[in-house]
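Visitor: 3D, please:
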Amino acid sequence: MHRFIIFILAILNLIGCDVPNKKLLITNLSKDTIYYNLFYDTSLSQSDVIYLPKVYYMKISPNDSVRPQIVFKGDSWEYSINHKSKDSSLYVFYFNTDTVRKYDWKNIIRLHKYQRVPYKVKDLDSLHWNIIYDEIK
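Guide: Alright, predicted model coming up:
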């Protein structure tokens, strides 16, 4: 009986865990390694990066893909984008590797040394949740 109770408690614990939503795929088709980060806001401010050293920004090698593992407390990507973003968009900020090496975050932001791409849920649906990155323009 004791083992049965422990088994039931373990199952209930697993059911209550948040599961990473891996629906989104980002593919780098450029010849360079890129850095990126996801935000629900339209602009990148110093406060967004002040506590994040460059190493914490996600990196994608050339001709490679990643599935950002963001854990939502019961929310889906769709819900989070539509309810946590002011304009119902997910913003992907891309940073060129040379820029990340050459500038500190303050100057990357001040000089707009990044590419920002907004995605609405309908855009992501039409892309089958597979964002293709080619080059920073």
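Visitor: Surely Glu135 forms part of a strand?
Guide: No - according to DSSP: H, G, I helix; E, B strand; the rest coil, Glu135 belongs to no strand; its state is coil.
Visitor: For Asp125, see how far away it is.
Guide: Distance from Glu135 to Asp125, counting by Cβ to Cβ, to the nearest Å: 25 Å. Yep, even glycine has a C-beta here, placed from its N, CA and C like the rest.
Visitor: same thing with Asn28?
Guide: For Asn28, the distance to Asp125 (Cβ to Cβ) stands at 22 Å.
Visitor: tally of neighbours for Tyr103?
Guide: Using other Cβ atoms under 10 Å, Tyr103 is surrounded by 16 other residues.
Visitor: residues in contact with it?
Guide: Contacts here follow Cβ atoms under 8 Å, 6 or more residues apart in numbering; on that basis Tyr103 touches Leu111, Lys113.
Visitor: Quick check, pLDDT for it.
Guide: Note for Tyr103: predicted pLDDT of 90.
Visitor: re the thing from before, neighbour count: Asn28 and Asp125, which is higher?
Guide: Asn28 (23 against 11).
Visitor: And for that one, nearest residue in space, chain neighbours not counted?
Guide: Once flanking residues are discounted, Asn28 sits nearest to Ile60: 4.0 Å by Cβ to Cβ, 6 or more residues apart in numbering.
Visitor: Could you give the backbone dihedrals for that neighbour?
Guide: The phi/psi pair for Ile60 (degrees, to the nearest 10) reads phi -130, psi 120.
Visitor: Number of residues surrounding it?
Guide: For Ile60, the tally of surrounding residues (other Cβ under 10 Å) stands at 20.
Visitor: For it, report the pLDDT, please.
Guide: At Ile60, the pLDDT recorded in the model is 94.
Visitor: Ok, Phe39 next?
Guide: pLDDT for Phe39: 84.
Visitor: before we move on, what about the one 4 residues further on?
Guide: According to the model's per-residue confidence, Ser43 sits at a pLDDT of 75.
Visitor: Then the one 3 residues further on?
Guide: The predicted local confidence for Gln46 comes out at a pLDDT of 59.
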